[in-house]
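Novice: Dropping a prediction and its sequence here:
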Amino acid sequence: MSPLMTFRIAFKALGRNKMRTGLTMLGMIIGVSAVITLVAMGNGAQAVIEDQIKGAGTNMITVNAGNASLGGVRGGSGTSSSLIVEDAAAIRAEVPGVQYLAPGLAMNTQVVAGNQNWFTRIQGTDVDLPLIRAWPTRTGSFFSAQDVASSAKVAVLGQAVNEMLFGPDADPVGEVIRIRNQPFKVIGVMAAKGQTGMGPDMDDQILAPYTTVMKKLMGATSIRDITVSATSPTETSAVADQIAIVLRTRHQIAPGQDDDFFVRTAEEIADIRTAAMGTMTTLLAGIAGVSLVVGGIGIMNIMLVSVTERTREIGLRIAIGAKGRDVLLQFLVEAIALSLLGGGIGIALGFGMAEGMSRWMSWPAKVPPDAVAMAFGFAAATGVFFGFYPAQKAARLDPIDALRFE
């Protein structure tokens with residue numbers, strides 16, 4: 001029998017009982033749509049988690065100046081003057097995998113605005129800091145590269161500092177504050193960030209160009225730290241190692257001598273990220289597997305009933321010359337058709353459900369192309385796997401016994 005005739009007979013048999021065919025496909029439709037929806041929402045969740053963890057500094061590497069000793073008393077990390085602006089430029093130029101970089105130094109001092117004052121931290125930094133920290137401005141804007149190059153007296157306030165100097169929900173853009181009796185123009189207010197696990201309260205500080213803090217507030221010739229963001233979390237350790245090599249070469253540190261700097265990575269946060277992503281992947285795989293197995297069992301159950309109902313038909317076909325492989329192929333085509341048709345409808349329904357849940361929950365939904373291919377492939381594989389036993393049972397029927405079947 002030709003393959004075309006086999007397909008025609010299989011689809012004709014499915015069309016005889018449309019209600020049962022539809023209910024059989026329902027299991028596969030639900031399974032595949034669940035897979036698509038869960039993958040879409042899971043990818044969206046991963047994107048949100050990734051953004052949140054990036055904001056906490058998973059990709060972040062901090063290079064601090066080393067220890068300065070005076071009379072046997074060691075000052076600790078950041079007290080030496082070994083780290084300079086040229087070191088930051090060398091890291092940016094020579095270390096592959098560096099996405100963003102910001103030299104920095106800080107001081108604590110009293111800040112005055114009108115008749116209000118507040119003791120806070122002045123953080124000198126570069127234009128890449130908001131990108132490293134995933135930290136947008138609430139009002140106004142961050143300072144520019146031109147401000148850094150010209151050592152401009154501009155300031156961006158943290159949320160807490162803004163409240164203390166100007167009041168809650170105030171917009172101080174354009175106002176002038178005084179830091180060590182020098183006027184600074186407020187050009188923006190950062191969004192609320194809060195306390196992080198890697199430093200002081202992010203909201204209780206004022207951000208200014210590091211060149212301004214060096215030259216006009218502190219009179220310093222060195223920087224205290226360099227904050228680096230790697231292109232991806234997986235490259236963080238390699239980038240940190242390369243930074244250490246570059247700095248040891250620049251500082252002419254001989255083999256065996258201690259570094260005059262410290263390089264730190266956010267290993268704990270990276271471990272949390274890996275565990276979270278692994279748990280989510282396992283959960284999605286388990287749910288998807290159960291959904292597709294349930295749909296496959298439904299197909300196998302209905303196909304076994306179909307074999308029983310059509311025993312006389314199978315016996316008649318074998319008696320007039322049909323071979324066992326023709327019967328096997330017919331029932332296998334029916335099972336695969338049920339799976340693929342149900343899978344196609346399930347994919348379309350999954351896209352619709354993912355979009356609906358995304359709008360309802362205000363949650364990003366991302367359906368990667370490989371997820372669609374995977375769902376369709378699983379649907380076909382399920383049809384073959386669960387349809388093979390009923391098809392084989394039909395192919396092995398004895399034609400004499402089949403014709404006598406009532």
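Specialist: Done, it's in.
Novice: Just the buried residues of the host helix or strand of T236, please?
Specialist: Using DSSP states H and E, T236 sits in helix 236-250. Buried residues in helix 236-250, counted by 16 or more other Cβ atoms under 10 Å: T236, V239, A240, Q242, I243, A244, V246, L247, R248, R250. C-beta coordinates here come from the backbone N, C-alpha and C atoms, glycine included.
Novice: Now render those as JSON lines, adding distance to T382.
Specialist: Listed next are those as JSON lines, based on distance: Cβ to Cβ, whole Å:
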{"residue": "T236", "distance to T382": "41"}
{"residue": "V239", "distance to T382": "44"}
{"residue": "A240", "distance to T382": "46"}
{"residue": "Q242", "distance to T382": "48"}
{"residue": "I243", "distance to T382": "50"}
{"residue": "A244", "distance to T382": "52"}
{"residue": "V246", "distance to T382": "54"}
{"residue": "L247", "distance to T382": "56"}
{"residue": "R248", "distance to T382": "58"}
{"residue": "R250", "distance to T382": "60"}
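Novice: From those, which shows the smallest pLDDT?
Specialist: Lowest pLDDT within the buried residues of helix 236-250 is found at T236 (87).
Novice: Tell me where the stretch 151-300 of the chain has helices.
Specialist: 159-166, 210-212, 236-250, 267-309 (DSSP state H, counting those that start in this stretch).
Novice: re earlier: farthest pair within the buried residues of helix 236-250?
Specialist: Farthest-apart pair in the buried residues of helix 236-250 is T236 and R250; separation 21.2 Å (Cβ to Cβ).
Novice: I'd like the mean pLDDT over stretch 184-203, please.
Specialist: pLDDT averaged over stretch 184-203 gives 81.
Novice: Stretch 377-391 now?
Specialist: For stretch 377-391, the per-residue pLDDT averages 70.
Novice: likewise stretch 104-124?
Specialist: The model assigns stretch 104-124 a mean pLDDT of 96.
Novice: Would you mind listing the buried residues in it?
Specialist: For stretch 104-124, the neighbour count (16+ other Cβ under 10 Å) marks G104, L105, A106, V111, A113, W118, T120, R121, I122, Q123, G124 as buried.
Novice: Make sure the fifth one is actually in contact with G167.
Specialist: What it means is A113. No - with contact defined as Cβ atoms under 8 Å, A113 does not reach G167; the gap is 10.4 Å.
Novice: what pLDDT does V154 get?
Specialist: At V154, the model reports a pLDDT of 98.
Novice: which residues does it bridge with?
Specialist: For V154, the beta-bridge partners under DSSP bridges are K185.
Novice: ok, back up a step: taking the buried residues of stretch 104-124 one by one, which sit in strands?
Specialist: Those of those mapping onto strands are G104, L105, A106, V111, A113, W118, T120, R121, I122, Q123, G124, per DSSP state E.
Novice: would you list those in TSV and tack on distance to R178?
Specialist: Listed next are those as TSV, based on distance: Cβ to Cβ, whole Å:
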residue	distance to R178
G104	22
L105	20
A106	18
V111	7
A113	8
W118	12
T120	13
R121	16
I122	12
Q123	17
G124	17
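Novice: which of the residues you listed lies closest to I206?
Specialist: I122 (5.3 Å).
Novice: My guess is that closest one contacts G104. True?
Specialist: No - the pair I122 / G104 is not scored as a contact, 10.9 Å apart, by Cβ under 8 Å.
Novice: domains of this structure?
Specialist: 3-52+273-404, 60-265 (automatic domain parsing).
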